[in-house]
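Colleague: predicted model follows, preceded by the sequence.
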Number of protein chains: 2
Amino acid sequence: MTSSSMSSLQEPRKADMTAWLANPEKAPRPSRIADAVAIGPDGKVYDGLINLQTRSIVSWEVLDGLQPIITIEELQLVEHIVRKDPKVIEQCKISGIAEEDMDKVYCDPWTIGYDERYGSKVRLQQALMYYRPNVDDCQYQYPSTSAPSSTRPLSKAPAVNYHPEGVEKQGGFRKDLKTINITQPEGVSFKMTGRQIEWQNWKFHIGFNYREGIVLNNITFNDKGTERPIFYRLSLVEMVVPYGNPERPHQRKHAFDLGEYGAGYMTNSLTIKNAICIHEEDSGILFKHTDFRDDSVIVTRARKLIIQQIFTAANYEYAVQWIFHQDGTIQPEIKLTGILNTYAMLPGEDTNGWGTQVYPGVNAHNHQHLFCLRIDSNIDGANNTVFTTDAAQAEAPVGSAENFYGNGFYAKRTKLATVGQAKTEYDGATMRSWDLCNTNKLHPYSGKPSSYKLVSREIPGLMPKPGSLVWKRAGFARHAVYVTKYQDDQLWPAGRHVPQTSGDQDLGLLEWAANNDESIDNTNVVLWHTFGVVHFPAPEDFPVMPVEPITLLLRPRNFFTNNPVMDVPPAIASPPARWLPTPRAWPRARRQLHLCRPRERLLPG
Amino acid sequence: MTSSSMSSLQEPRKADMTAWLANPEKAPRPSRIADAVAIGPDGKVYDGLINLQTRSIVSWEVLDGLQPIITIEELQLVEHIVRKDPKVIEQCKISGIAEEDMDKVYCDPWTIGYDERYGSKVRLQQALMYYRPNVDDCQYQYPSTSAPSSTRPLSKAPAVNYHPEGVEKQGGFRKDLKTINITQPEGVSFKMTGRQIEWQNWKFHIGFNYREGIVLNNITFNDKGTERPIFYRLSLVEMVVPYGNPERPHQRKHAFDLGEYGAGYMTNSLTIKNAICIHEEDSGILFKHTDFRDDSVIVTRARKLIIQQIFTAANYEYAVQWIFHQDGTIQPEIKLTGILNTYAMLPGEDTNGWGTQVYPGVNAHNHQHLFCLRIDSNIDGANNTVFTTDAAQAEAPVGSAENFYGNGFYAKRTKLATVGQAKTEYDGATMRSWDLCNTNKLHPYSGKPSSYKLVSREIPGLMPKPGSLVWKRAGFARHAVYVTKYQDDQLWPAGRHVPQTSGDQDLGLLEWAANNDESIDNTNVVLWHTFGVVHFPAPEDFPVMPVEPITLLLRPRNFFTNNPVMDVPPAIASPPARWLPTPRAWPRARRQLHLCRPRERLLPG
């Protein structure tokens, strides 16, 4: 028997797809190809492509020294095996767990990362062990020995829990929150046609796969009747969570949650069938102006559309939101929550600065969450160019004729003409942004290219050192931005098969961005952006972590003729003409106006 | 007759206030002292303090070469004067405005900044001129000549407007937005007692003055029955908006909106009497965890409290929100909107990179919005210490015994022991934060000091050059952070009287932070943080700008024993114990569980 590891739909060839999108009536529909990975009973790994229309095998090859993504079923097997293992039972005894309590021993199966002792021929996982006295309890407060080298007796600290029974023990739930009801009696403002959504001026296709989870395709904005392309494909394509403790066995902890487990596989089911949540939210003020002379005012409220999925990587949760704003802004936002990965520590034991004791006997290690956003750019067409913009002081010195007061500054734009030039970092002092531009389409007023600006502020460096295992395996995280020229099948920046890669060979993005001289000027560019956080745990994060959001913006600049949301009905609009007193009476008028309510109210809908 | 310029309540002496707060029954109530500034008919300026209880003058002094804050009434006077001025009428004629149309000529009166030709003895304003054919129109699309040196004919471009009549002309309002109703049938969850608000575990005093607008005092958090002090006083104390065009007359444009105009003076009236809006909002997920083994799940929704004011500085609006989260986080957020400051340009004229043509004939200049947040720290008591935290790689090289895999990293904490050491900048690569710590109170688990972490990511450098006029006058903006030792009356970082200061003398923060050797270790520290944006205008910002938010966080770290929001009722909680199948049946169980709705729903309230 063959245990299939993964089967999914191959990305349609872009040439075929764009031809079909341009003319769905006449152009042939791109063929549906299944992309399958299989593991044989002998442990051999096979990559295959199967044409679903012709029911024929397009390709079938056996791989050498590569391990495909780990499935939930494989993860769950580990716990059963570990619990029955005599050596584990013995270690548990040493740390104070009786053999009859082995059903209270849990383990989070983790990718091994890469272990030079075993290489990548044998399919491996590592098991991080915990003792959970009650099935309802937070699992991570009695971390147990994961390596015989460092056996520690189990902590005797009482359990602290966030579930209802646990909270009742600590005084119960607070009763001072009055209900907030949010309703849409007329229904929602968006429309689904198959997998295509339309909302306000937006239209795009919502896909989902085992690896990335949500994938947004063919994103367009209806600009006064013209459907303008913005992005061909937008998704999170990889992430890595390097842990900062160099002591064994922790030096090995760095999960590629997408490439090794799959954000789709790990996505929580929200209801019986749905994994994706789509909803609108009021978003506060969209724009406002008051004339100080007469208090005439316009206030327009904003609305946003949120496409959300939540996936759980063992202890940790990631709520991924794709937020669409009425003004053309797209805001990917990730809310981090869930439970810290923890390890046992003895009373008085030193963390050596690699972690924090968040609860007696519980050491939560320093770590990063680094996400790789892939932007297949399509700003008014496939041929785009990327620039950096940095705020720069005028060159002329203070007191000189050109800059007498010394206040001059400008937007310094640098074209990233080659793959090499595009390997760039963030600069907070200059508020660096990356501009995806269509240099073939200049704005009628500003004369600047139609563009979308990547505004991202949370871009820590990769903390593992150059030459380290993580640095080698997670090459995409060495720079804030890479830009490559589009090629079919260039999707996974850490490689197609990520588990147990040694990093000695350049896979994925490192391979595609190897030629620094390749031109990416005015062509179909793909921008790869790595952003995230450095997390130094604190007791506030335990036993469950309040949400920490990470956000970034894709903003239209020199894309629209002018403010694109003036047609959103204002909440308050009181043009002064109706009742403006003569200017000479202003001071009196202002007092009067404070007694006036706005003459006109237009509420949305 | 004396035209009073300002009168407000003097900040109570902190020693008196803290004594009274500690024991309101026995301790004497701090005396109420009026702080008055008056301008005599001779133009002389007087600073005075008047005791309101004893009705006696405490002090009264005449100032030399200082100009107090500009009032709305003074601003409005300018427009009347300018319209009648023959020289202005002549210039308007040259640019194509008939004398009978002078009532359609508007001017935004601006602080002069500092003009070496006139110094600070004469009270001056500069008038930025606009032609507004219709009183309802956006004023800023026909900028007119502000200096005879650069007279340009008026633009002939048609008006583009955001008011209802204007939008109807462009096709009308969109009709596809379905109503969102947000209601609190049981009322709000906060309680006001005079000016003191209580919400969830928060309690604080909400003040308001002509200059800062909202001021939050005596902020405490009820931690399981203990009211723990966090901040004594929190407010925006200054801001500066330097413009980046060095060409006359624009080199002079840099407004101190708080010190020169007053965020309180310019605050919009929301209703008849209220300038401050207080409301609750649902805030998405507060925390969540799902066990991948059985899909047992807890989801708790977040609530936030928002204290908001909006002030309008002629063309521009600032919505200032003080957001309080249940988990102890305070989030100051500023939403920028309103209208760009604009200037006339001829067809084909070059902006020289100092601005952007956002509409035909309309040049919007590069500028910054820099805000100064003042934090009078009171973390578990008045004696606090400030540290920077930077993510740092382990020193030991890759391959060494201590760091074999090269993954080690830690939180590098640096004590800012003196005023000099505390003059610090942001570093995005290390994700630098500033920690306000009480080193006298160590966390029982982590052993780290009780603290609040300043997480701020939008910290551009001051673009005007060192030695420039703005650099001299806005000294507070030279560094991301200054820390000083608390002194009564040290409130305004650009000085008490800001208009027309030359910057040749160190005023405000530069004066208070002059002694670099002064110790700020374990004492009553005040942290001054300057943050903001660099704004390179784009046509999307015209004729009215969609909101651009700037936000930062003050997060409790090692402050609470553990997660402080576990007592918030969950929206969904389904402990597995009730229905968990035996581990051996997991794969089957998972499928079943997808068909289960959570057993238990606890809705807030």
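Modeller: Done, it's in.

Colleague: please count neighbours and contacts with C-alpha atoms only from this point.
Modeller: Fine.

Colleague: where does pLDDT dip in chain A?
Modeller: In the predicted model, chain A carries pLDDT under 70 at residues A:1-4, A:145-150, A:269-273, A:575-605.

Colleague: hmm, try it at 80
Modeller: Low-confidence segments of chain A (pLDDT under 80): A:1-5, A:145-151, A:268-274, A:294-295, A:575-605.

Colleague: and A:Trp199, what does it touch?
Modeller: For A:Trp199, the set of contacting residues under the criterion of CA atoms under 8 Å, 6 or more residues apart in numbering or on different chains consists of A:189-191, A:305.

Colleague: tell me the two of those residues that are most distant?
Modeller: Using CA to CA, those span at most 11.6 Å, a distance reached by A:Lys191 and A:Leu305.

Colleague: with neighbour numbers in mind, choose between those two.
Modeller: Regarding A:Lys191 and A:Leu305, a neighbour count based on other CA atoms under 10 Å in any protein chain shown identifies A:Leu305 as having more, with 23 against 12.

Colleague: and the host helix or strand of that one, what does it pack against?
Modeller: Applying DSSP states H and E as the criterion places A:Leu305 in strand A:297-313. On a contact count with 3 or more CA pairs under 8 Å, 6 or more residues apart in numbering or on different chains; DSSP states H and E, strand A:297-313 meets strand A:277-290, strand A:316-325, strand A:572-574.

Colleague: measure how far the shortest one is from the centre of its chain, please.
Modeller: Looking back up the chat, that one is strand A:572-574. Here the centre of mass of C-alpha atoms in strand A:572-574, compared against the chain's by CA atoms, centre = their mean, to the nearest Å, lies 39 Å away.

Colleague: partner strands of it, parallel or antiparallel?
Modeller: Partners of strand A:572-574 in the sheet, by DSSP bridges, are strand A:297-313 (antiparallel).

Colleague: put the alpha carbons of the strand it pairs with into CSV.
Modeller: Output for strand A:297-313, consisting of C-alpha atoms alone and laid out as CSV, is shown next (Å, rounded to 0.1, in the frame of the first residue of the first chain):
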residue,chain,number,x,y,z
VAL,A,297,-18.3,69.6,8.4
ILE,A,298,-18.3,66.4,6.4
VAL,A,299,-17.6,63.0,8.1
THR,A,300,-17.7,59.8,6.1
ARG,A,301,-17.4,56.4,7.8
ALA,A,302,-15.2,53.6,6.5
ARG,A,303,-16.0,50.0,5.9
LYS,A,304,-13.6,47.1,5.5
LEU,A,305,-14.0,43.6,4.1
ILE,A,306,-12.1,40.8,5.9
ILE,A,307,-11.2,37.4,4.5
GLN,A,308,-9.9,35.3,7.4
GLN,A,309,-8.6,31.9,8.2
ILE,A,310,-7.1,30.7,11.5
PHE,A,311,-4.6,27.9,11.7
THR,A,312,-3.1,26.2,14.7
ALA,A,313,0.5,25.0,14.8
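
Colleague: may I see the buried residues of that strand?
Modeller: For strand A:297-313, the neighbour count (16 or more other CA atoms under 10 Å in any protein chain shown) marks A:297-313 as buried.

Colleague: equivalent analysis for stretch A:76-87, please.
Modeller: By neighbour count, with 16+ other CA under 10 Å as the criterion, the buried positions of stretch A:76-87 are A:76, A:78-79, A:82-83.

Colleague: quick check: the farthest pair among the residues you listed?
Modeller: For those, the farthest-apart pair by CA to CA is A:Gln76 and A:Arg83; their separation is 11.6 Å.

Colleague: give the burial count for the residue in the stretch 1-150 of chain A that chain B sits nearest to, as a bare number.
Modeller: Closest to chain B within the stretch 1-150 of chain A is A:Asp136: 5.8 Å, counting by CA to the nearest CA. By the other CA under 10 Å criterion, the neighbourhood of A:Asp136 contains 19 residues.

Colleague: do A:Glu25 as well
Modeller: Counted by other CA under 10 Å, the residues lying close to A:Glu25 total 9.

Colleague: secondary structure element for it, which one?
Modeller: Assignment of secondary structure by DSSP H and E places A:Glu25 within no helix or strand.

Colleague: quick one: contacts for it?
Modeller: Taking CA under 8 Å, 6+ apart as the definition of contact, A:Glu25 has no neighbours.

Colleague: circling back: between the buried residues of stretch A:76-87, which is nearest A:Glu212?
Modeller: Within the set of these, A:Gln76 lies nearest A:Glu212; the separation is 21.3 Å, counting by CA to CA.

Colleague: pretty sure the closest one contacts B:Arg293?
Modeller: Yes. Look at A:Gln76 against B:Arg293 with CA atoms under 8 Å: they come within range, at 7.3 Å.

Colleague: ok, the helix or strand containing A:Gln331 near chain B or not?
Modeller: Using DSSP H and E, A:Gln331 sits within strand A:330-338. Yes. Counting by CA under 8 Å from any CA of the partner chain, chain B is contacted by strand A:330-338 at A:337-338.

Colleague: next: stretch A:341-358.
Modeller: Yes. Under the criterion of CA under 8 Å from any CA, stretch A:341-358 makes contact with chain B via A:353-358.

Colleague: tell me, how many neighbours does A:Asn363 end up with?
Modeller: Residues contacting A:Asn363 under the criterion other CA under 10 Å number 27.
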